[in-house]
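**Student:** Can you look at this prediction? I've put the sequence above it.
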Amino acid sequence: MQLRWIAKFFAPSMALALAASPALAASHTAKHVAEHAPVNLASTHFNGNLAYEYADKFVACGPRWIGSPGHVCAENFLKQTFAKDNLEEDTFTASTPIGPLTMHNYIVRFPGKKDGVIVVASHYETNYWLRNTSFVGANDGGATVGLLVELGNLLRGSTLNGYSVWLVFFDGEESIQSKWTDQDSLYGSRHLAARWERDGTLKRIRAYMLTDMIGDKDLDICRESNSTPWLEDLIYKAAQQDGYAQYFFENSNFVEDDQLPFVKRGVPTADIIDIDYGPRSMMHPDGYHHTPEDTMDKISAHSLTVSGQTVLTTIHLLDQR
């Protein structure tokens, strides 16, 4: 992702060895599901400790740039975690500055009784241009994958009383080259938004919530200025209801992220993001963002609880509209 005002190794054998870790996550998920069915969003509580554990297992895949063993490991994690949820793999070929690349979005659908869909999304890959570093994107992709996995645990088990909820894991959010451009970025969300526009799916989406970089220990989620005001207001209402208002909307920013292809098509959207991540310096003007310092010790289970519970409560509030 990129702010408008910011110019925006893992040994292969080790990455392949960690491909076994999704099986652990899948078994943990199955146990957790049994403990939380049936679904009642009004009384359901988000477990940030479990979300952190899933993020930790996912980040253990190492750097996840497209074409790497870590990227394959990340895909296997998602496939195995959601193996019993009729996971859709949305495969496409993107034209990039280094030539055509095969990318994969993943979509998990939890059915509801009301006519309409709430989408909650994250990206899961890391930057191609950081491939020769140890950048693992713990907060930038990893934390929100963990959040969505735990959200899936809470939604799974029976038909939801409200809208259907779809979890989307985007590939290719990051630019291939170090300089972010409209053409070299947001590959997965641009592809899916265009596809859903063609087949009429966009008309069914009541709200689209993108989650990004919200595991930061020093949580400060900004009000994102490209987002839909009424949906941002509803998220703040949810945070107030749960006692988490102090973590939201002290600052505002324009952020270029996976919400934009949906914003441009008139879908009600919110980019839930903490862009202020880590101390800034001459060496790191963007803090930990897009540096090897973006590691699991910089994120917290508490921040994931705040973020996840707010998303969960927002879904419940949307169901009441």
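**Tutor:** Ah, there it is. Numbers count the residues shown, from 1 in each chain.

**Student:** Identify all residues paired with Val165 through a beta bridge.
**Tutor:** On the basis of DSSP bridges, Val165 is bridged to Phe110, Ile118.

**Student:** And the strands in the protein, which stretches?
**Tutor:** Using DSSP state E, the strands found in the chain span residues 2-3, 88-96, 99-110, 117-123, 164-170, 205-212, 221-224, 248-253, 255-256, 269-273.

**Student:** what helices or strands is the last one leaning on?
**Tutor:** With contacts defined as 3 or more Cβ pairs under 8 Å, 6 or more residues apart in numbering; DSSP states H and E, strand 269-273 has these neighbours: strand 205-212, strand 221-224, helix 229-242, helix 301-320. Every C-beta, even on glycine, is put in place using the N, C-alpha and C of the backbone.

**Student:** Just the C-alphas of the longest one, formatted as PDB.
**Tutor:** Coordinates of each C-alpha in helix 301-320 appear next as PDB, following Å, rounded to 0.1, in the frame of the first residue of the first chain:
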ATOM      1  CA  ALA A 301      -2.400 -10.300  20.200                       C
ATOM      2  CA  HIS A 302      -4.100  -7.300  21.900                       C
ATOM      3  CA  SER A 303      -4.000  -5.200  18.700                       C
ATOM      4  CA  LEU A 304      -5.400  -8.200  16.800                       C
ATOM      5  CA  THR A 305      -8.200  -8.500  19.400                       C
ATOM      6  CA  VAL A 306      -9.000  -4.800  19.000                       C
ATOM      7  CA  SER A 307      -9.000  -5.000  15.200                       C
ATOM      8  CA  GLY A 308     -10.800  -8.300  14.900                       C
ATOM      9  CA  GLN A 309     -13.500  -7.500  17.400                       C
ATOM     10  CA  THR A 310     -14.200  -4.200  15.700                       C
ATOM     11  CA  VAL A 311     -14.600  -5.900  12.400                       C
ATOM     12  CA  LEU A 312     -16.800  -8.600  13.900                       C
ATOM     13  CA  THR A 313     -19.000  -5.900  15.600                       C
ATOM     14  CA  THR A 314     -19.200  -3.900  12.400                       C
ATOM     15  CA  ILE A 315     -20.500  -7.000  10.600                       C
ATOM     16  CA  HIS A 316     -23.200  -7.300  13.200                       C
ATOM     17  CA  LEU A 317     -24.100  -3.600  12.900                       C
ATOM     18  CA  LEU A 318     -24.300  -4.000   9.100                       C
ATOM     19  CA  ASP A 319     -26.700  -6.900   9.500                       C
ATOM     20  CA  GLN A 320     -29.000  -4.600  11.500                       C
END
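
**Student:** Tell me how far that helix lies from the chain's centre.
**Tutor:** 14 Å (Cα atoms, centre = their mean, to the nearest Å).

**Student:** How far does stretch 225-234 sit from its chain's centre?
**Tutor:** Worked out by Cα atoms, centre = their mean, stretch 225-234 lies 18 Å from the chain centre.

**Student:** So Leu167 sits against Val117, correct?
**Tutor:** No - under the criterion of Cβ atoms under 8 Å, Leu167 makes no contact with Val117, lying 11.1 Å away.

**Student:** show me where the stretch 1-150 of the chain has helices.
**Tutor:** Applying DSSP state H, counting those that start in this stretch to the stretch 1-150 of the chain gives helices spanning 12-17, 21-36, 48-59, 69-81, 143-155.

**Student:** The ones you listed: lowest mean pLDDT?
**Tutor:** Mean pLDDT across these is lowest at helix 12-17; the value there is a mean of 39.

**Student:** Mean neighbour count, mean pLDDT and distance to Asp286 added to the helices and strands packed on strand 269-273, as CSV?
**Tutor:** CSV is the format used below for the helices and strands packed on strand 269-273 (neighbours: other Cβ atoms under 10 Å; pLDDT from 0 to 100; distance: least, Cβ to Cβ, whole Å):
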stretch, mean neighbour count, mean pLDDT, distance to Asp286
strand 205-212, 25, 98, 14
strand 221-224, 23, 98, 14
helix 229-242, 18, 98, 23
helix 301-320, 22, 98, 19
